[in-house]
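Trainee: have a look at this prediction, sequence included:
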Amino acid sequence: MPSASRHDLIAALPYARRYARALTGNQKAGDELVACVLRNISDGIDDALSVRGNLYRRLTLAFQNAGEQSLTLEQRALLLLTFLEGQSFPEAARILNLNDEYAEEVLEAAREVLENSVRTSVLIIEDEPIIAMDIQGLVEQCGHHVVGVAHNESEAIRIAAETKPGLILADINLGVGGDGMHAISRILEAHRTPVIFVTAYPERLLTGESQEPSFVISKPFEPMALSVATYQAIMGRSLAV
């Protein structure tokens, strides 16, 4: 990759993995998409974009959606880039080769789809009570129903067994209450459901070396980021590369 150092590319990879996993709907398909793009990354590099920007563009172009969704690929990509990946609107438009006026129309249409998208029951796993209350407010603001808030592993496993939520929103580090990843692993043995992990350090969970989250939101996050991730997580089962 002539326009970027190996260090820059390695630093950008966790974010490329997060984007690809959210775009495709699961870890395996997302990581395979990243691997495919990396094999040909030296072709068609745009020096006007950052390394991450080039990876985002190539991943979007390489993705083939085999499932049915209300959102178009342009709409999903623009939402993910601006609200999940933290790209500015002008930068996201450049990555997708969209002019600003058209991109605004795409984003507005995408927002309307999200406002009318599927609602589900949500289990929140968060050890800090104040943060849990904030997250619950955001989840309800997005139109979902919170079936329970767990502050430790044992509570999470019990509530999940009792309520069988349609989605789980989980913190990674539960302090003295245990480990969010371990709790989810136990829950998924009995009840398969989409999971969104919340962490202040997403790059630590996106190495591509083991079983990892398909959906990761960085702390702190906005309601739209949660709305986008929730939509992708729920719809992810119908997506494939």
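Mentor: Here it is on my side, so go on. Numbering: from 1, shown residues only.
Trainee: next up, the contacts around the most centrally placed residue in the chain.
Mentor: The centroid of the chain falls nearest to Phe215 when counting by CA atoms, centre = their mean (3.8 Å). For Phe215, the contacting residues are 21-22, 194-197, 229, 232-233, 236, by CB atoms under 8 Å, 6 or more residues apart in numbering. Any C-beta I mention is one placed from the backbone N, CA and C, and that applies to glycine too.
Trainee: now Gln141
Mentor: When contacts are counted by CB under 8 Å, 6+ apart, Gln141 is found next to Pro223.
Trainee: so what pLDDT did the residue nearest to the centre of the chain get?
Mentor: The per-residue pLDDT reported for Phe215 equals 80.
Trainee: circling back: of the contacts of Phe215, which is the nearest to Val37?
Mentor: Ranked by distance to Val37 (CB to CB), the contacts of Phe215 are led by Arg21 at 13.3 Å.
Trainee: SS state for Ile196?
Mentor: Per DSSP: H, G, I helix; E, B strand; the rest coil, the secondary structure class of Ile196 is strand.
Trainee: that one pairs with what?
Mentor: With DSSP bridges as the criterion, Ile196 is bridged to Leu169.
Trainee: neighbours around it, how many?
Mentor: 22 (other CB atoms under 10 Å).
Trainee: quick one: it and Gln27, what's the gap?
Mentor: 13 Å (CB to CB, to the nearest Å).
Trainee: how about Arg192?
Mentor: Here the criterion is CB to CB. By it, Arg192 lies 14 Å from Gln27.
Trainee: of the two, which one has the most company?
Mentor: In this view Arg192 and Gln27 are compared by other CB under 10 Å, and Gln27 has more residues nearby, 19 against 10.
Trainee: surely the more buried one and Ala20 touch.
Mentor: No: assessed by CB atoms under 8 Å, Gln27 is found out of contact with Ala20, at 9.3 Å.
Trainee: ok, longest helix in the chain?
Mentor: Longest helix in the chain, counting residues (DSSP state H): helix 6-24.
Trainee: what is that one packed up against?
Mentor: Packing partners of helix 6-24 (3 or more CB pairs under 8 Å, 6 or more residues apart in numbering; DSSP states H and E): helix 27-39, helix 51-62, helix 223-235.
Trainee: out of those, flag the one nearest Arg76.
Mentor: The nearest among the helices and strands packed on helix 6-24, by CB to CB, is helix 223-235 at 7.2 Å.
Trainee: what about Ser112, neighbour count?
Mentor: For the record, residue 112 is Glu, not Ser. By other CB under 10 Å, 12 other residues sit near Glu112.
Trainee: what helix or strand is it located in?
Mentor: Using DSSP states H and E, Glu112 falls within helix 100-115.
Trainee: what residues sit buried inside the longest helix of the chain?
Mentor: 9, 12-24 (16 or more other CB atoms under 10 Å).
Trainee: now do stretch 107-122
Mentor: For stretch 107-122, the buried set under the neighbour-count rule, 16+ other CB under 10 Å, comprises 107, 110, 113-114, 117, 120-122.
Trainee: that stretch: how far from the chain's middle?
Mentor: Centroid separation for stretch 107-122 versus its chain: 15 Å, with CA atoms, centre = their mean, to the nearest Å.
Trainee: pull the CA coordinates from it and hand them back as PDB.
Mentor: Extracted C-alpha coordinates of stretch 107-122, given in PDB (Å, rounded to 0.1, in the frame of the first residue of the first chain):
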ATOM      1  CA  LEU A 107     -29.300   9.900   5.100                       C
ATOM      2  CA  GLU A 108     -32.700  11.400   5.600                       C
ATOM      3  CA  ALA A 109     -34.400   8.500   3.900                       C
ATOM      4  CA  ALA A 110     -32.300   6.100   6.100                       C
ATOM      5  CA  ARG A 111     -33.400   7.900   9.300                       C
ATOM      6  CA  GLU A 112     -37.100   7.500   8.200                       C
ATOM      7  CA  VAL A 113     -36.500   3.800   7.800                       C
ATOM      8  CA  LEU A 114     -35.000   3.500  11.200                       C
ATOM      9  CA  GLU A 115     -37.800   5.400  12.800                       C
ATOM     10  CA  ASN A 116     -40.200   2.800  11.500                       C
ATOM     11  CA  SER A 117     -38.000  -0.200  11.800                       C
ATOM     12  CA  VAL A 118     -38.600  -3.300  13.900                       C
ATOM     13  CA  ARG A 119     -38.800  -3.000  17.700                       C
ATOM     14  CA  THR A 120     -37.700  -5.600  20.100                       C
ATOM     15  CA  SER A 121     -37.200  -6.600  23.700                       C
ATOM     16  CA  VAL A 122     -33.800  -5.700  25.200                       C
END
